[in-house]
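Student: Structure here, sequence nowhere to be found:
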Ligand SMILES: Nc1ncnc2c1ncn2[C@@H]1O[C@H](COP(=O)(O)OP(=O)(O)OP(=O)(O)O)[C@@H](O)[C@H]1O
């Protein structure tokens, strides 16, 4: 289990992580979600002792990372896939890690096989593509067969096949009872991988819930209505407590958006009011848009055209 308590990191004027408190339980994949610059990497670096918190603590199975006797056997981390000596072969990189952590050398071939790098084991890591580098980083994280895994954007640079493979691997590792924290800035990716989500924006906790609940809360759906007497329909629905907004659809027709309602509600009310409807449909807001909205005021970096 990972326990984060009041974790805070200040870099000069920048509050990178701001009083974060959450737990990551074993047996499930927990997604660590937030827009760029939200503080995910800084949090993960503090968990594995690469950064010192300004305040608060990050404990792994009740202990600080630096107090673990054999860190690689207890925690596997993928934080920067490029942190490999470019002239060292993939196998030698792993052998060196294994030897310095008292891990049997046969484990090197096992993890190379597991991540699909057996064929390039003797090639220099410096010549690896981003995706191959990610696979090597995963191999290093898995080397000590640890009970806790901390992975920063592990699918970055992988092709769709690779992404599917990582997803399956993480879910299988979680089923074995491991604690897995995996970061991403894409809700769509985490929706398929993680059972739970810890969402942050500008260093602060936005949500700590199941993925299903987070999606349910943020996938606001809208009922779309077209009718010959649209103004009267809007007034009628308004009188029955529904919030409506008129707009033009893609074909230039005037339609009514009804928030927080079902087509059943709207259809029944229209019938009771004696209105003919020419359209009654449902649209789902893009999940990614809804997620960005939820962290919206906390987003630190946006494309300038969005400002
Ligand atoms: N060593 C550092 N010195 C100064 N500021 C830093 C340092 N590391 C991170 N920051 C700042 O802290 C904030 C959080 O950064 P962090 O990399 O943790 O975010 P992130 O959620 O991992 O984003 P990304 O997905 O872009 O990696 C950013 O404003 C970043 O510029």
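Tutor: Perfect, I can see it now. Since we're looking at a predicted model, the values are computed, not measured. Residues are numbered from 1 along each chain as shown.
Student: low-confidence ranges in this structure?
Tutor: Judged against pLDDT under 70, the low-scoring parts of the chain cover residues 81-82, 219, 285-287, 289-290, 293, 296-307.
Student: need the helices for it, in chain order.
Tutor: Read by DSSP state H, the chain holds these helices, from start to end of the chain: 40-47, 71-74, 90-100, 106-114, 130-142, 160-175, 187-193, 211-218, 230-239, 263-273, 287-295.
Student: most neighbours per residue, which of those helices?
Tutor: Comparing the helices of the chain by mean neighbour count (mean count of other Cβ atoms under 10 Å), helix 40-47 comes out on top with a mean of 24. The way it works is simple: take the backbone N, C-alpha and C, and place the C-beta from them, glycine included.
Student: Just give me how far it sits from the chain centre.
Tutor: On the basis of Cα atoms, centre = their mean, to the nearest Å, helix 40-47 is displaced by 14 Å from the centre of the chain it belongs to.
Student: How about that helix and the ligand, any contact?
Tutor: Yes: Helix 40-47 reaches the ligand (Cβ under 6 Å from any ligand atom) through 40, 41, 42.
Student: The ligand contacts on the stretch 1-150 of the chain?
Tutor: Taking Cβ under 6 Å from any ligand atom as the test, the list of the stretch 1-150 of the chain residues beside the ligand reads 11, 14, 16, 34, 36, 37, 38, 39, 40, 41, 42.
Student: Give me the nearest residue to the fourth one, chain neighbours excluded.
Tutor: Once flanking residues are discounted, residue 34 sits nearest to residue 200: 4.2 Å by Cβ to Cβ, 6 or more residues apart in numbering.
Student: quick one: contacts for the one you found?
Tutor: Applying Cβ atoms under 8 Å, 6 or more residues apart in numbering to residue 200 gives the contacts 20, 32, 33, 34, 38, 39, 40, 43, 206, 295, 298.
Student: One more: residue 58?
Tutor: The neighbours of residue 58, taking Cβ under 8 Å, 6+ apart as the test, are 2, 3, 4, 5, 7, 43, 46, 47, 64, 65.
Student: next one: residue 267
Tutor: By Cβ under 8 Å, 6+ apart, the residues touching residue 267 are 277, 280.
Student: Equivalent analysis for residue 86, please.
Tutor: The contact partners of residue 86, taken as Cβ under 8 Å, 6+ apart, are 124, 125, 126, 127.
Student: With residue 103 instead?
Tutor: With Cβ under 8 Å, 6+ apart as the criterion, the residues that contact residue 103 are 72, 73, 97, 143, 144.
Student: picking that back up, biggest separation within the contacts of residue 86, which pair?
Tutor: Maximum pairwise distance among the contacts of residue 86 (Cβ to Cβ): 7.4 Å, between 125 and 127.
Student: Show me which of these two is the more surrounded one.
Tutor: Between residue 125 and residue 127, counted using other Cβ atoms under 10 Å, residue 125 has the larger neighbour count: 24 against 10.
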